[in-house]
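Asks: quick one, what's the 3D model for this:
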Amino acid sequence: MSLTGPRVLVISGATASGKTALGVRLARRFDAEIVSADSIQIYHRLAIGSARPDLEEQGGVAHHLLDFLPLEAPYDAARFRDDADRVIASLNARKKRVIVVGGAGLYLRALIAGLAEGIPADPAVRAALHARIASGGPSALAEMHRELSLVDPTYAARIAPSDPIRIVRALEVYQLSGEALSAHHARHQAMPRRYNARWICLETERSTLKARIAARAQAMLDRGWLDEVREILRDGHPPTLKPLQSVGYAEVIAHLQGRLALRDLHEAITLATAGFAKRQRTWFRGEPDVVWQPLARFDDPRFVDALFDAV
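Replies: Residues are numbered from 1 along each chain as shown. Got it, this is the predicted structure:
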């Protein structure tokens, strides 16, 4: 595949794998600035549960695309691509190196490879699929995910079984074209890249990652995650908002609504986050540009020094 556009370094991987701290470390080493690729850290007020780095954790490094959207604002991969393009162009104009850090796989794909064009859509088909969920609830959604697994197992494995937007979209595409959404994406992956990117994904042993997830979840709860969400709900924001249904926040809301006991909350967050991390790994393993490296690899000065060499 051909590489075009400005050079960027991408640090991605599963949640809690150490991306944020590594990104800061590398940015300080290269006098770079960081473009965040996290789909929850973009929202105002979601500081604790999104693990958004505070000023101390940012280590004096400029971070972009953090904490800039109200909770009700719609956002998607196309908007991220456009926003990130503007930031990167500005950094290039100032002769600054760029490090993109985050675990939002679709956002990163949109930025590096662009978004697939020409995939069929029909509002009526989509509405009918959403109506099926509305009338059948979680059981209908689970059945639709099973149906998707039969016709597009690749894409079904990459998304959450509880994600109505992506399940409906994939089934819509299959109904209209008779072809899996993942097949449309595969054709798109052969197109020229938008950036000359060195895309590294952190490889973390699963038991180590689960322990990190559990420890981080406890630290978030200790920092006041419950109060963070209580205040958001008290101010009138509906719990059905998309960012409030993200991993971790959904479990905290279930507890605050009396559907999940406090004694079970930490374990529920840990399990949900571990499941999300598994889907992230599956997604990134499907990306042809990704090179997997353990965190310890970045202790090698020769490896680090070569990160911005031509790729």
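
Asks: what about the closest residue to Arg7 other than its chain neighbours, distance to Trp292?
Replies: The shortest distance from Arg7 to any non-neighbouring residue, by CB to CB, 6 or more residues apart in numbering, is to Asn196 (4.5 Å). Quick note: C-beta positions are derived from backbone N, CA and C, even for glycine. Between Asn196 and Trp292 the distance, using CB to CB, to the nearest Å, works out to 20 Å.

Asks: again with Asp67
Replies: Using CB to CB, which is the criterion applied here, Asp67 is 30 Å from Trp292.

Asks: what does stretch 212-232 contact?
Replies: By CB atoms under 8 Å, 6 or more residues apart in numbering, the surrounding residues in contact with stretch 212-232 are 15-18, 45-49, 51, 71, 204, 244, 248-249, 252-253, 255-256, 265-266, 269-270, 273-274, 277.

Asks: repeat that for 7 Å
Replies: Residues external to stretch 212-232 that are found in contact with it (CB atoms under 7 Å, 6 or more residues apart in numbering): 16, 45, 47-49, 51, 249, 252-253, 256, 266, 269-270, 273-274, 277.

Asks: mind picking the two most distant members of those?
Replies: Considering CB to CB, no two members of those lie farther apart than Arg45 and Ala274, which are separated by 25.2 Å.

Asks: that older thread, now do the phi/psi pair for the residue nearest to Arg7.
Replies: phi -80, psi 90 (degrees, to the nearest 10).

Asks: again with the one 3 residues further on
Replies: When read as degrees, to the nearest 10, the backbone of Trp199 gives phi -110, psi 110.

Asks: which intervals of the stretch 151-300 of the chain have sub-threshold pLDDT?
Replies: Applying pLDDT under 70 to the predicted model, the residue ranges of the stretch 151-300 of the chain that meet it are 188-190.

Asks: Val100: helix or strand, and which one exactly?
Replies: With elements taken from DSSP states H and E, the one containing Val100 is strand 97-101.

Asks: next SSE after that strand?
Replies: Read in the C-terminal direction, the helix or strand following strand 97-101 is helix 105-113, with elements assigned using DSSP H and E.

Asks: may I see the buried residues of that next one?
Replies: Within helix 105-113, the residues scored as buried using 16 or more other CB atoms under 10 Å are 105-113.

Asks: which neighbouring elements make contact with that helix?
Replies: Packed against helix 105-113 by the contact rule (3 or more CB pairs under 7 Å, 6 or more residues apart in numbering; DSSP states H and E) you find strand 7-13, helix 77-93, helix 262-285.
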